[in-house]
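Asker: Below is the sequence, then the predicted model.
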Amino acid sequence: MPDNDQDKRLYRRVDVLIPFGFRTIGRGAVEAFVHAEPEPAAMSDDPVRAALERIERKVDRLLARVEAEDQVPPVRPTPINLSGAGVRFPSDEPIEQGEFVDVVMVLPGDTQVKIRAFAEVVRQRLVARPSGAVYEIAASFLHLSPKDRETIIRYTFQANGR
């Protein structure tokens, strides 16, 4: 059996043209948006104070999520390479390995599905195109919900059959 990159992939990849958008973000934005495990309550003898501290932590996480939702990247038809593990997409600007991106995509079908995820850039490459040079960015999904990952996997199988 040949040992090539295709054999090592966990998920099917597909080249598609779908509504897609991205923006670079910092690690702090990713951590604030993700469902972090709640911090243990302070060892307070006062149960009311302990409850108020838990509520305050939850409110802080909710506010961070609302702020992140207000900054959703705009989408436009974009040629991407998509799998359940990540996405490769064009960018006019370089994005360094290890940086984070907030991505939004709309998967077509009987009912369109909008997916928003955070991803870590694992590779960038300068590519010459007829319309000018662009960067090809490969990113691995972080904290993608199991439901969204399953939706992407199902879509890649459907798109591959077209």
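Answerer: Nice, I can see it. Not measured: the values here are computed from a predicted model.
Asker: Okay, now the unreliable bits of this structure?
Answerer: Along the chain, segments meeting pLDDT under 70 span 1-9, 29, 31-44, 60-71, 161-162.
Asker: and the strand ranked longest in it, which strands flank it?
Answerer: The strand that spans the most residues within the chain, counting by DSSP state E, is strand 113-129. Partners of strand 113-129 in the sheet, by DSSP bridges, are strand 100-107 (antiparallel), strand 132-142 (antiparallel).
Asker: if we compare these, which one ends up closest to residue 85?
Answerer: Of all the strands paired with strand 113-129, strand 132-142 sits nearest to residue 85, with 6.2 Å by C-beta to C-beta. Just so you know, the C-beta spots here come from the backbone N, C-alpha and C atoms, and that holds for glycine as well.
Asker: Could you identify the helix or strand that succeeds that closest one?
Answerer: Next helix or strand after strand 132-142 toward the C-terminus (DSSP states H and E): helix 146-160.
Asker: And that next one, what's buried?
Answerer: Using 16 or more other C-beta atoms under 10 Å as the test for burial, helix 146-160 gives 148-149, 151-153, 155-156, 159.
Asker: chain center to that helix: distance?
Answerer: 14 Å (C-alpha atoms, centre = their mean, to the nearest Å).
Asker: can you check stretch 80-93 too?
Answerer: 10 Å.
Asker: how long is that stretch end to end?
Answerer: Terminal residues of stretch 80-93 lie 16 Å apart, using C-alpha to C-alpha, to the nearest Å.
Asker: Would you mind measuring from the most far-flung residue of the chain relative to its centre to residue 139?
Answerer: Distance from the C-alpha centroid of the chain peaks at residue 45, with 41.4 Å (C-alpha atoms, centre = their mean). Look at residue 45 and residue 139: by C-beta to C-beta, to the nearest Å, they are 47 Å apart.
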